[in-house]
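K.L.:
one predicted model, sequence on top.
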Amino acid sequence: MSVLGVYNPLNIDVDHGDGVYLYSKEGTRYLDFTSGIGVTSLGHSHPSLVSALKTQAEKIWHCSNLFKIESQQLVADRIVKNSFAHSVFFCNSGTEAIEAGIKVIRKFFNDKKIKKSKIICANNAFHGRTYAAISASGKSKLTEGFEPLLTGFKQVEFNKTSEILKNLDEHTAAIMIETVQGEGGITPAEKKYLRDVQKIASDNDILLFFDEVQCGVGRTGKFLATEWVKELQPNLVSIAKGIGGGFPLGALLLDKKTSKSMSLGSHGSTFGGNPLAMAVANEVLNFVLNEDFLDHVREVGYNLRKLLKSEIVKKFPKLVSGVRGIGLMIGLEALENNEILIKSLINQKLLTVKAGQNVIRMLPPLILEMKHVDEAISKIDKAFSNF
Ligand SMILES: Cc1ncc(COP(=O)(O)O)c(C=O)c1O
């Protein structure tokens, strides 16, 4: 009872992890399709990550940004070389990356003495738990009791261009959306919507901020999910979760013009970009920047979605109605209560996580192989056959 009661953990005493599997203290083996909510992108205890962390731990853990951290420069250089970004700010979590992005948006226009601070966001979004993040997500369970929120955010229906246009005015500074909504129910932004958003931004001098805390870093089969639409020119992208492979790390990626508005002392973090996090991130990049690895994510993800449709949705039409998602960010649309179905999967030793819109969320490690897909399908089949 000494841990603040804000969580409702499963009754599984975690002992250790190995690849796609998680083991309880009693020795039960679970196929882990949660990846710690999309974090352990290379699976549990990946030998390369363990080795990178151990080697770094023996050299130096922390020195702060008072000092030059060579590995921070290296990781930032690699991200810049492989994305739209011109610079990278490192922090420790997704919500901090969001916070940084919102500060950049405001600073960008304040510096130019342009009175624009309104940010158009999406209904059903999740951006984290800081004040800026919950204010951006809009009124919900997240905000209850925490008012007053930060002002300047307007939530509109996701994937509906006309709703953005209706709410656009001369004070609109940015559009901020998840490229694939995660907590909200695994809903990808439609390609046409993203092209429309780009046009609106270009025509109206509005910044584009994409939250890829959950969908970035290879999860959809591209390093960034925004890469699926080649016309898209993000100004800001937040990443976290997967980039640390389990080590707490977040980052804000900035394009050239927004980078310029952040000057010496305008933002910072004691732990952001520390040597331990950078050693692990550099190793994660060795995988997620590799086109063959991303190809693998796309292929296994496609096969998993295909088998979910042909073997599960078809066979259990009273329990599930469809499959959504992209790459290895997958949602099984439940008709029965998703929590009940998730419990039945746990009984078969398959771990998944709930999402909005009654979705069963699957975020397996990106190293997933076809034999694990077959194992998962067989577990789901057994679980659902018991209804
Ligand atoms: C899209 C998105 N943004 C932001 C966050 C917040 O990240 P963190 O929990 O690391 O602060 C999350 C967490 O689930 C997320 O899914």
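P.N.:
Done, it's in.
K.L.:
show me which residues of this structure sit near the ligand.
P.N.:
37, 93-95, 98, 126-128, 178, 182-183, 211, 213-214, 240 (Cβ under 6 Å from any ligand atom). The C-beta positions use only the backbone N, C-alpha and C, and glycine is treated the same way.
K.L.:
mind running it again at 8 Å?
P.N.:
Taking Cβ under 8 Å from any ligand atom as the criterion, the chain approaches the ligand at residues 37-38, 93-98, 125-130, 133, 178, 181-183, 211-215, 238, 240-241, 248, 250.
K.L.:
buried among those? Make that a PyMOL selection.
P.N.:
When burial is assessed using 16 or more other Cβ atoms under 10 Å, the buried subset of those is captured in PyMOL by this command:
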select buried, resi 38+93+94+95+96+97+98+125+126+127+128+130+133+178+181+182+183+211+212+213+214+215+238+240+241+248+250
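K.L.:
now, the residues of the chain next to the ligand that are in helices?
P.N.:
37, 38, 94, 95, 96, 97, 98, 133 (DSSP state H).
K.L.:
so the third one is in contact with residue 249, correct?
P.N.:
No. Proximity of residue 94 to residue 249 does not meet the contact threshold set by Cβ atoms under 8 Å, at 9.7 Å.
K.L.:
contacts for stretch 111-122, please.
P.N.:
Outside of stretch 111-122, the residues that reach it under the criterion Cβ atoms under 8 Å, 6 or more residues apart in numbering are 102, 105-106, 109, 127, 136-138, 152-158, 164, 167-178, 181, 209, 261.
K.L.:
next: stretch 300-313.
P.N.:
Applying Cβ under 8 Å, 6+ apart, the external contacts of stretch 300-313 come out as 220-221, 320-323, 325-330, 332, 362, 364, 368-370, 373-374, 376-377, 380-381, 384.
K.L.:
of these, grab the buried ones for ChimeraX.
P.N.:
Buried members of the contacts of stretch 300-313, identified by 16+ other Cβ under 10 Å, are gathered into one ChimeraX selection as follows:
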select :220,221,320,323,325,326,327,328,329,330,332,362,364,368,373,376,377,380,384
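K.L.:
and which of the ones in helices among the residues of the chain next to the ligand is nearest to the ligand?
P.N.:
Set against the ligand, the nearest of those by Cβ to the nearest ligand atom is residue 94 (2.2 Å).
K.L.:
next up, phi/psi of residue 301, please.
P.N.:
Comment: the main-chain dihedrals of residue 301 come out as phi -60, psi -40, following degrees, to the nearest 10.
K.L.:
now for it, how many residues are close by?
P.N.:
24 (other Cβ atoms under 10 Å).
K.L.:
any idea how far residue 370 is from it?
P.N.:
In this structure, residue 301 and residue 370 are separated by 11 Å, where distance is defined by Cβ to Cβ, to the nearest Å.
K.L.:
shared neighbours, residue 94 and residue 249?
P.N.:
Taking Cβ under 8 Å, 6+ apart as the contact rule, residue 94 and residue 249 both touch residue 240.
K.L.:
for the stretch 1-150 of the chain, which spans come out with low pLDDT?
P.N.:
When the per-residue scores of the stretch 1-150 of the chain are filtered using pLDDT under 70, no range remains.
K.L.:
ranges for the helices of it?
P.N.:
Counting by DSSP state H, counting those that start in this stretch, one finds helices in the stretch 1-150 of the chain at the ranges 35-38, 47-57, 70-81, 94-111, 131-137.
K.L.:
what residues does the first one touch?
P.N.:
Identification of contacts with helix 35-38 by Cβ under 8 Å, 6+ apart yields 41, 43, 182, 214, 219, 241-242, 246, 329, 353, 363-365.
K.L.:
ends of stretch 348-363, what's the gap?
P.N.:
Taking Cα to Cα, to the nearest Å, the first and last residues of stretch 348-363 lie 17 Å apart.
K.L.:
check which residues of that stretch are buried.
P.N.:
If you call a residue buried by 16+ other Cβ under 10 Å, then stretch 348-363 has these buried ones: 348-356, 358-363.
K.L.:
return the subset of these lying in strands.
P.N.:
Restricting the buried residues of stretch 348-363 to those inside strands, with DSSP state E as the criterion, leaves 350, 351, 353, 354, 355, 359, 360, 361, 362.
K.L.:
surely the fifth one touches residue 180?
P.N.:
No. Judged on Cβ under 8 Å, residue 355 makes no contact with residue 180 at a distance of 11.1 Å.
K.L.:
overlap in contacts, those two.
P.N.:
Contact criterion Cβ under 8 Å, 6+ apart; residues shared by residue 355 and residue 180: residue 186.
K.L.:
now do the same contact list for the most centrally placed residue in the chain.
P.N.:
Closest residue to the average C-alpha location of the chain: residue 214 at 0.9 Å, with Cα atoms, centre = their mean. Listed by Cβ under 8 Å, 6+ apart, the contact partners of residue 214 are 37, 38, 94, 178, 180, 182, 183, 241, 329, 363.
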